[in-house]
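Novice: Fold the following and give me the result.
(2 chains)
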Amino acid sequence: MSTPKGRLLAWLETRLNLTEIFSFLSNFGLAYGDIDTRKPLREAVDEAFRKPLPSYAQWPQVLGLLTFGLFLFQALTGVLLAFYYQPAPATAYDSVLTIVQEATLGWYIHQMHYWGSNILIALLLLRMVRLFLHEVYRAPRELVWVLGGLLVLLSVYAGISGSLLPWDQQAYWSTIRSLEVLAELPFFGWLADFLVGGLEVQGLTLTRFYILHVVLLPLSMFVLFYLHFAAVRRVGLSRSQEAAQLRPLYPDHLVDLATLLFLIFGVILTLAVLAPAAVQPEADPFSSPAGIHPPWYLLPAFGLIEVLPAGVGGGLISAGLLVFLALPFLDRTPGRRPLALVLLALVLAALVWLGYTGYTLRG
Amino acid sequence: MEAQTPADSPQGRRRFFKGLLAGLAGLWGTGLLASLALYVKAPRRPGGSLDNAVVVGLLDELPPGQGQMITGAHRPFWLLRSRQGELVALPAVCTHRRCILQWDGGSQLLCPCHQGVFDLNGNVLAGPPPRALDKLAVTVKGGRVYVYP
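Specialist: Predicted coordinates for the structure are as follows:
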């Protein structure tokens, strides 16, 4: 302990509860299990690193970890974009052009944020399918499901609010389509309407979408992630007993973790280069271009409200969302899996069909 | 310690690969940080073209011996016309604590905050300002005055 590092650690240790900080950080999927915060940091870390764990960084538990990693990635790229972005109709588009044309590597950060958001929503949805398949909503894991469902909803709101910010034609008109969908939904839509300050897309909408997108929604998602990890700590990873493959945190899990994060980073980089989202001409309220849709995650809802008579579709979607969130409390009897699987297949098929309908409606 | 583990022993190889990994990770991290720093550094807009100029007004509106503070650009500046008709544009922002400079009607710009004094070439004559004022480029085209603030 006479090394400079050891002396620094000891100096800090007497002035800060380092173990408490480590325990807080390890909440977010780093270590797993309780940490004795009365022990000095070295001991607590050694203990946490040596403790064998179920493999949370491998299929099927990996999706939760990936979504949180992506969330942090979005936070980082989002902060970088906010270094230049100006949320007012007169300046928003110009500031986006500054990012994608003038700032070094700005276009890259813009594209990575765009692709990261789409992948984040897709992974959160995929995660709900896997939780359903593996019945990770039975007692005592109801909250794991509910928190995951709320994360899906918030990420969709974050996606909608974020897609307006570039203030180009695509942003403007696809937001009008999105708000059309939201306005139809009892409760979920009214909430959105209230938050955006009316269904007209104008300066106030942009300002409010901005503050929702950069402060309120990420903060809420962060809290939900935290609660989610806390719930997993309490009830344990699903299938941990069956898998029974326990490995130490260091180096096995950390290597898995690093590999995964590099992989997802690579996927985003590749998509950002090969399939970049175009920046279109500046938003023009007096000319609507053809072929603009709401974002893909709203397409099924868009299809449904167009297919059904006014008022019916929106009610149906809101009811569906409530059933989705309350599933752990509605389906309490284990077994009956064939029925559940058929239902899941039907729901997925209906979503795909409705999405296709929504896509072709205003081609 | 070092002498007891020759380079071709398992321990030596282990140390080599550990160092290699750390080196690569460091290289990657440095590249990442450098890219981020380059992005965050605000791009320098090329000056000098008429696109970046501020149209101050007509030359005839500013008789010789008169001066005017122009506030439309990203920083205020003084546009002064000497009795010989020569145009001078100087930032109206003190180099000391960014107070707004006043023109004395003659050949000096005065800082009200800490009694700094500049001449019309931007040089510091008195007071605490650490640097001279940068003279701004002025062009007259078609009777209009353009300043590059």
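Novice: just to confirm, which helix or strand has the spatially closest residue to A:Tyr250 that is not a sequence neighbour in it?
Specialist: Among residues not flanking A:Tyr250 along the chain, A:Phe49 sits closest, at 3.9 Å (CB to CB, 6 or more residues apart in numbering or on different chains). C-beta here means a position set from N, CA and C on the backbone, and glycine is covered the same way. Assigned by DSSP states H and E, A:Phe49 falls within helix A:41-50.
Novice: Tell me the buried residues in that helix?
Specialist: If you call a residue buried by 16 or more other CB atoms under 10 Å in any protein chain shown, then helix A:41-50 has these buried ones: A:41, A:44-45, A:48.
Novice: A:Lys299 against A:Trp353, yeah?
Specialist: One thing to correct before we go on: residue A:299 is Leu, not Lys. No. Between A:Leu299 and A:Trp353 there is no contact under CB atoms under 8 Å: 10.7 Å.
Novice: okay, those two: which has more neighbours?
Specialist: Between A:Leu299 and A:Trp353, counted using other CB atoms under 10 Å in any protein chain shown, A:Leu299 has the larger neighbour count: 23 against 13.
Novice: just the strands in the chain please.
Specialist: In the absence of a named chain, this looks at chain A. A:52-54, A:246-248 (DSSP state E).
Novice: try again with chain B
Specialist: B:54-58, B:67-70, B:77-81, B:87-91, B:102-103, B:108-110, B:117-119, B:124-126, B:137-141, B:144-148.
Novice: Excluding chain neighbours, what is closest to A:Leu212?
Specialist: A:Ser161 (4.8 Å).
Novice: err, B:Thr139, not the other one
Specialist: B:Thr139 sits nearest to B:Tyr146 (CB to CB, 6+ apart), 4.5 Å away.
Novice: From B:Val56, how far off is that neighbour?
Specialist: Distance, B:Tyr146 to B:Val56, using CB to CB, to the nearest Å: 7 Å.
Novice: These two: which is more packed in?
Specialist: B:Val56 (23 against 17).
Novice: thought that one was touching B:Val145?
Specialist: Yes. Proximity of B:Val56 to B:Val145 meets the contact threshold set by CB under 8 Å, at 4.4 Å.
Novice: so what sits against both of the two?
Specialist: B:Leu79 (CB atoms under 8 Å, 6 or more residues apart in numbering or on different chains).
Novice: which residues of chain B fall in helices?
Specialist: With helices called from DSSP state H, chain B shows them at B:10-40.
Novice: Residue numbers of it in contact with chain A?
Specialist: Chain B has residues B:35-36, B:38-43, B:45 near chain A, with proximity defined as CB under 8 Å from any CB of the partner chain.
Novice: Which one (most neighbours) among those?
Specialist: B:Tyr39 (20 neighbours).
Novice: show me what contacts it?
Specialist: A:80, A:83, A:103-106, A:109.
Novice: again, only this time at 10 Å
Specialist: B:Tyr39 sits next to A:80-81, A:83-84, A:99, A:103-106, A:108-109 when contact means CB atoms under 10 Å, 6 or more residues apart in numbering or on different chains.
Novice: can you state the direction angle for the worst-scoring helix or strand of chain B on mean pLDDT and strand B:77-81?
Specialist: Using mean pLDDT, DSSP states H and E, strand B:54-58 stands out as the lowest-scoring helix or strand of chain B, at a mean of 82. Angle between the axes of strand B:54-58 and strand B:77-81 is 30 degrees (criterion: axes from the mean of the first three to the mean of the last three CA atoms, to 10 degrees).
Novice: Spell out which strands sit alongside strand B:54-58 in the sheet and which way each one runs.
Specialist: Within its sheet, strand B:54-58 is paired with strand B:144-148 (antiparallel), according to DSSP bridges.
Novice: what's the spacing between A:Glu135 and chain B?
Specialist: Per CB to the nearest CB, to the nearest Å, A:Glu135 is found 40 Å from chain B.
Novice: contacting residues for that residue?
Specialist: Each residue near A:Glu135 by CB under 10 Å, 6+ apart is listed here: A:141, A:145, A:238-239, A:328, A:331, A:334-335, A:337, A:340.
Novice: one step back: how far off centre is the helix holding A:Phe49?
Specialist: 31 Å (CA atoms, centre = their mean, to the nearest Å).
Novice: So what touches it?
Specialist: A:1, A:6, A:9-10, A:12-13, A:16-23, A:26, A:30-39, A:248-251, A:253-254.
Novice: Export that helix to CSV, keeping only CA atoms.
Specialist: Output in CSV follows, covering the C-alpha atoms of helix A:41-50 (Å, rounded to 0.1, in the frame of the first residue of the first chain):
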residue,chain,number,x,y,z
LEU,A,41,-12.9,-0.5,-2.1
ARG,A,42,-10.0,-2.9,-2.9
GLU,A,43,-11.7,-5.7,-0.9
ALA,A,44,-15.2,-5.0,-2.3
VAL,A,45,-13.9,-4.9,-5.9
ASP,A,46,-11.8,-8.1,-5.4
GLU,A,47,-14.8,-9.8,-4.0
ALA,A,48,-17.2,-8.7,-6.7
PHE,A,49,-14.7,-9.6,-9.4
ARG,A,50,-14.1,-13.1,-8.1
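Novice: For A:Gln169, which non-adjacent residue is closest in space?
Specialist: According to CB to CB, 6+ apart, the nearest residue to A:Gln169 is A:Gln280 (4.4 Å).
Novice: Oops, could you answer that again for A:Leu125 instead?
Specialist: Per CB to CB, 6+ apart, closest to A:Leu125 is A:Val152, 6.1 Å.
Novice: Could I get the pLDDT score of that neighbour?
Specialist: What the model reports for A:Val152 is a pLDDT of 96.
Novice: Appreciated, that's everything.
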